[in-house]
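S.K.: Mind folding the following:
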Amino acid sequence: MRFDRRAQASWETAAAAGNERTPGAPVSGAPVSGAATSGPAGTPGATGAPGAPGAAGTAQDGRTPVGTGTARDGRAPHGAPTAREPQPSGMAQAPCGAAHGGDAHRPDPLDTHRPAQPDDYPLQAPDPRVATEPAPAAGAAVCVACRAGRVDDDGYCENCGHAQPRERDHMEQECGPVAAVSDRGLRHHRNEDAFAVGTTTLPDGSPASVAVVCDGVSSATRPDEASLAASRTAGDLLLAALPRGTHPQQAMHEAILAAADAVNALADEPAAGQERGPHQNAPACTLVGAVVTDGLLVVGWVGDSRVYWVPVDRSAPPARLTEDDSWAAQMVAAGLMGEAEAYADQRAHAITGWLGADAYEVEPHTASFKPDRPGVVVVCTDGLWNYAESAEDMARVVPPDAAVRPLHAAQVLVGHALDGGGHDNVTVALVPFPAVPQGAGSA
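M.R.: Purely as a prediction, here's the structure:
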């Protein structure tokens, strides 16, 4: 409780007149004020283990674990001291058993002669994280950093302010014998890649495997939405057309055109919370896909995402099965530069073909092959092949058991790109050849 200032003033007046009283004793008839009201206590930052991105687990090679860093929009970073709010006039800080956020109890100078009072009134301010933050409702997202706060609609913890991992920061999928892994990388703030994988059965009962990988064009608006729309559309069309008896190469051609229409449609939709300005490019992405049957390999692409062939017998030569729609490829094709010189140029990755409303007329590239031996088909974005550009380089980093453990091999390849610097989003899908019946998977 707080000693009444008016009683103290009366005691001092009486003492000056020679009437001594016991220090701290209230003057007869002096009114006593009510209990003091607790002001806000400083709140120490919550401490918690950083969360794992997606299904990947531990962050790799210098990458900041999810949930660390400075909060946006002026929120205090995790663990940082918070400025105290000013105390209203006439309000006193309640005495606490321990300091909160560095604010120890400071006794009133006028209370120096007050005898010790029994601790009849426990006035310690409660932990505001318990008193003012209700527990997250059942089913609500909980912060991966402090493990206590609710996650708001913007993806930030309401308790400690940490940004939460996005679903697409790291994705893995295994569908029978086909597997894919996608990662945000170490430099980008979001993952603008997307993939679709699946298996189906041809009219004759033989198996077929499908993989589609798309890379959003970063200079365009909403590239993450473009890649997602394109991969889903192309994957769904392939899985629907092949069982009807459509030839895989024709199905691939139609799938790319359907994906282009899906990306074009995004240009007519306003971005969430904002309209697309006239100076902004329409949503855009690249696309590459592969269809594998028991004797045929079909690839299709627009842009600079690639397909590689890596035989199980590493004494046989690997091969790159696609040609980039890029400035570097044009220079090499025209004989103006050698491949090494062209790809070392800063303009090398400027693409000349893409899916999007502001693209030139889309001309899907397709090709079919009949390999004479088993192997694995590597379908990837430039976030991987930048670190293993030639077919020989790619074959060296693909694990020897990739055909029987495609998910593990895809994880290894993404790790190779992250070890190399992870400058871009990284996505890779692996498809064993010949196609494996449904139900088979990684060992």
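S.K.: correct me, but Pro165 touches Val144?
M.R.: Yes. Applying Cβ atoms under 8 Å as the test, Pro165 and Val144 come out as touching, 6.6 Å apart. C-betas here are computed from N, CA, C, even on glycine.
S.K.: hey, what's the nearest residue in space to Phe369 that is not next to it in sequence bridged with?
M.R.: For Phe369, ignoring the flanking residues on the chain, the nearest one in space by Cβ to Cβ, 6 or more residues apart in numbering is Leu297 at 4.5 Å. On the basis of DSSP bridges, Leu297 is bridged to Val292, Phe369.
S.K.: What of Ala211?
M.R.: Val197, Ala290.
S.K.: for Pro432, same thing?
M.R.: Val376.
S.K.: so it makes contact with Pro371?
M.R.: No. Under the criterion of Cβ under 8 Å, Pro432 makes no contact with Pro371, lying 11.3 Å away.
S.K.: So those two - more neighbours on which side?
M.R.: For Pro432 versus Pro371, neighbours defined as other Cβ atoms under 10 Å are more numerous around Pro432 (24 against 17).
S.K.: separation between the more buried one and Asp183?
M.R.: 22 Å (Cβ to Cβ, to the nearest Å).
S.K.: Let me see the mean pLDDT of whichever strand or helix holds Val414.
M.R.: Under the criterion of DSSP states H and E, Val414 resides in helix 406-419. Mean pLDDT, helix 406-419: 97.
S.K.: So the residue nearest to Phe369 sits against Val377, correct?
M.R.: Yes. Leu297 is within contact range of Val377, at 6.4 Å (criterion: Cβ under 8 Å).
S.K.: Mutual contacts of these two, please.
M.R.: Shared contacts of Leu297 and Val377 (Cβ atoms under 8 Å, 6 or more residues apart in numbering): 290, 309, 433.
S.K.: ok, now which ones touch His416?
M.R.: 384, 387-388, 397.
S.K.: Point out where the stretch 251-400 of the chain drops to low pLDDT.
M.R.: Low-confidence segments of the stretch 251-400 of the chain (pLDDT under 70): 270-279.
S.K.: do the same with the stretch 101-250 of the chain
M.R.: Ranges of the stretch 101-250 of the chain meeting pLDDT under 70: 101-139.
S.K.: can you give me the strands for this structure?
M.R.: 170-175, 178-183, 193-201, 207-216, 284-292, 297-302, 306-311, 319-320, 355-356, 365-369, 375-380, 426-433 (DSSP state E).
S.K.: Turn those into JSON lines, including distance to Ala234.
M.R.: What follows is the strands of the chain, written out as JSON lines (distance: least, Cβ to Cβ, whole Å):
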{"stretch": "strand 170-175", "distance to Ala234": "15"}
{"stretch": "strand 178-183", "distance to Ala234": "14"}
{"stretch": "strand 193-201", "distance to Ala234": "7"}
{"stretch": "strand 207-216", "distance to Ala234": "5"}
{"stretch": "strand 284-292", "distance to Ala234": "6"}
{"stretch": "strand 297-302", "distance to Ala234": "9"}
{"stretch": "strand 306-311", "distance to Ala234": "14"}
{"stretch": "strand 319-320", "distance to Ala234": "21"}
{"stretch": "strand 355-356", "distance to Ala234": "10"}
{"stretch": "strand 365-369", "distance to Ala234": "12"}
{"stretch": "strand 375-380", "distance to Ala234": "12"}
{"stretch": "strand 426-433", "distance to Ala234": "12"}
